[in-house]
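Engineer: after the sequence you'll find the predicted model.
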Amino acid sequence: MDVMGGMLELTRITEADVEFICKVECDADLWFFEEEVETDKHAVREKYLHRIKEDAEQSHYDFIVTLKTDQSITPIGLAQVWSYIEFRKSWEIGFAILPEYSGHGYGREAARRLLKFAFDELQAHKVIGMCNAMNKRSAALMERIGMRKEGVFKEELFWREQWTDQNYYSILDNEFLHRNNDKTA
């Protein structure tokens, strides 16, 4: 299942995407605000090959963010949505856009499409996102797509040799529907 429209597409990962995923997942600079980054490409490869083979589980959806123009189709990032609390119909989103493509709204568009996928296809009641409190760009992006900051997990992350807060954002299905209806009216 792909999420398409405009110049940006989210395409479910395949075995052909694993090398690109390894490049993205193992890039410590791209994941600067994360507590830990897996740098072993073999471990990342095995993790994603397992996910592709276990597709029937349907508790985790991985997408390649692809930029399509008349001249090319270019993978520019990774977008994910996974079950946060199944019986509450809560899902969590995550995304990363390669630095050379940042600042063009692609992260925002990918995140919006993840929300649409979660609410329309997965029938989510709530979608959450979390980020290191020092990651101002991620926090601003979640707010721009309609998520609200619900809380702060104090000293949740051991990042750069110190305890750091983690921000918790969410949006409910009725808020997402209302926000999207306002844009089409």
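Structural biologist: Everything's here; your move. Residues are numbered from 1 along each chain as shown.
Engineer: all strands for the chain, in order.
Structural biologist: 8-12, 60-68, 73-85, 90-97, 126-132, 148-159, 162-172 (DSSP state E).
Engineer: of all the ones you listed, which lies closest to residue 25?
Structural biologist: strand 73-85 (7.4 Å; Cβ to Cβ). C-beta here means a position set from N, CA and C on the backbone, and glycine is covered the same way.
Engineer: re earlier: how about the strands of the chain in JSON lines, adding mean pLDDT and distance to residue 38?
Structural biologist: Below are those laid out as JSON lines (pLDDT from 0 to 100; distance: least, Cβ to Cβ, whole Å):
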{"stretch": "strand 8-12", "mean pLDDT": "94", "distance to residue 38": "21"}
{"stretch": "strand 60-68", "mean pLDDT": "94", "distance to residue 38": "15"}
{"stretch": "strand 73-85", "mean pLDDT": "94", "distance to residue 38": "13"}
{"stretch": "strand 90-97", "mean pLDDT": "96", "distance to residue 38": "13"}
{"stretch": "strand 126-132", "mean pLDDT": "98", "distance to residue 38": "17"}
{"stretch": "strand 148-159", "mean pLDDT": "97", "distance to residue 38": "16"}
{"stretch": "strand 162-172", "mean pLDDT": "98", "distance to residue 38": "19"}
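Engineer: those strands: which one's closest to residue 22?
Structural biologist: The nearest among the strands of the chain, by Cβ to Cβ, is strand 73-85 at 10.7 Å.
Engineer: okay, buried residues for the closest one please.
Structural biologist: Buried residues in strand 73-85, counted by 16 or more other Cβ atoms under 10 Å: 75-81, 83-84.
Engineer: now the strands of the chain as a markdown table including distance to residue 41?
Structural biologist: Output for the strands of the chain, formatted as a markdown table (distance: least, Cβ to Cβ, whole Å):
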| stretch | distance to residue 41 |
| --- | --- |
| strand 8-12 | 21 |
| strand 60-68 | 16 |
| strand 73-85 | 15 |
| strand 90-97 | 16 |
| strand 126-132 | 24 |
| strand 148-159 | 23 |
| strand 162-172 | 27 |
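Engineer: give me the nearest residue to residue 93, chain neighbours excluded.
Structural biologist: residue 114 (4.6 Å; Cβ to Cβ, 6 or more residues apart in numbering).
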